[in-house]
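Q: make a model of this:
(chains A and B)
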Amino acid sequence: NAGVTQTPKFRVLKTGQSMTLLCAQDMNHEYMYWYRQDPGMGLRLIHYSVGEGTTAKGEVPDGYNVSRLKKQNFLLGLESAAPSQTSVYFCASSYTDRGGYTFGSGTRLTVV
Amino acid sequence: DAKTTQPNSMESNEEEPVHLPCNHSTISGTDYIHWYRQLPSQGPEYVIHGLTSNVNNRMASLAIAEDRKSSTLILHRATLRDAAVYYCILRGGGTSYGKLTFGQGTILTVHP
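A: Coordinates of the predicted model:
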C-alpha cells in the first residue's frame, strides 16, 4: 500500500505566486488533515476534512484554501504565497476521528 | 492548551527495553494520548494511542497513569531502527478537533 502520498516533495515559490499541494490516500480513510511543521512549533493544523465534500478550518487557516472533491484526495492551495508560509507541510489521514494518523512524507516549501 | 513535557534525550542499548516518559498534567477529559516518532526529512509515524487504559500493539505498549497526568511509551526490545525523535501528543477532541499539541520530543539513541 502507498498510504499517504504527497506531491510535490519540494517547491520554491516567489512571493505572490500560487500553487496547489496534492495529498492522496489509498486506505479509504474518511478524515484528512493538512499540517505545517516549523522549528520549535511542532505541527499546526491548517485545515481538515471529515469526509468527501467537507472541509473545516484548523488553527492556522489564513492564506490557505482546501478542497476534498474525492474521498481519496485532499488539496491544499496557496493563492498568493508569502515568505511566512515557508514550512514543511504534512498531510495525514485517519479512519476514525479517534484513531491514529497516517502521515505523508511531507512537502518542503520555500517562498522567496 | 494542554502541553506535554518529555526529556530531551534518552539512550538505550539494542535489545533492551526502553521507557519513554511524558507528563501532561493539564490534559482534558477528551484528549487522547498519541505517540508518534519521526526520522529526519520524514513524516511522523504513528506508534500507539490511548485514552484511559493501557494499550499494547505490535510496536509498543502505552502505560497511562490512573489520573492521566502522565504516560510512558514502552519499547520492549529496542532495535537500531527505533532510533528517532519520539513525540507524545495530545489529540484534542470536542472543539479542539484534529488539533495535535506537541511536546518537544525525546531523541532516542540506540547503541549496538
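
Q: what's the spacing between the nearest residue to B:A65 once chain neighbours are set aside and chain A?
A: Leaving aside its chain neighbours, B:A65 sits nearest to B:S71 (6.5 Å; criterion: CB to CB, 6 or more residues apart in numbering or on different chains). Glycine gets a C-beta too; all of them are placed from N, C-alpha and C. The spacing between B:S71 and chain A, counted by CB to the nearest CB, to the nearest Å, is 15 Å.

Q: adjacent strands (with direction) for the helix or strand harbouring B:S71?
A: B:S71 is part of strand B:70-75, with elements assigned from DSSP states H and E. Take DSSP bridges as the rule and strand B:70-75 pairs in its sheet with strand B:18-23 (antiparallel), strand B:61-64 (antiparallel).

Q: where along chain A do the strands fall?
A: Remark: strands assigned in chain A by DSSP state E are A:4-7, A:10-13, A:19-25, A:31-38, A:42-49, A:56-57, A:64-67, A:73-78, A:87-94, A:102-103, A:107-111.

Q: closest to B:P7 out of those strands?
A: Minimum separation from B:P7 across the strands of chain A (CB to CB) falls at strand A:42-49, 16.5 Å.

Q: output that closest one as CSV, nothing but the C-alphas.
A: Provided in CSV are the C-alpha atoms of strand A:42-49 (Å, rounded to 0.1, in the frame of the first residue of the first chain):
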residue,chain,number,x,y,z
GLY,A,42,5.5,21.3,16.3
LEU,A,43,2.7,20.5,14.0
ARG,A,44,-0.1,23.1,13.5
LEU,A,45,-3.4,22.2,11.9
ILE,A,46,-4.2,24.2,8.8
HIS,A,47,-7.5,22.7,7.6
TYR,A,48,-9.2,19.3,7.9
SER,A,49,-11.9,17.3,6.3
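
Q: my read is that B:T30 contacts B:G92, right?
A: Yes: under the criterion of CB atoms under 8 Å, B:T30 makes contact with B:G92 at 7.1 Å.

Q: between these two, tell me which one has more neighbours.
A: Neighbour count, other CB atoms under 10 Å in any protein chain shown: between B:T30 and B:G92, B:G92 has more, with 19 against 15.

Q: quick one: pLDDT of the more buried one?
A: B:G92 is assigned 73 on the pLDDT scale.

Q: ok, it touching B:I33?
A: No: counting by CB under 8 Å, B:I33 is not a contact partner of B:G92; they are 11.5 Å apart.
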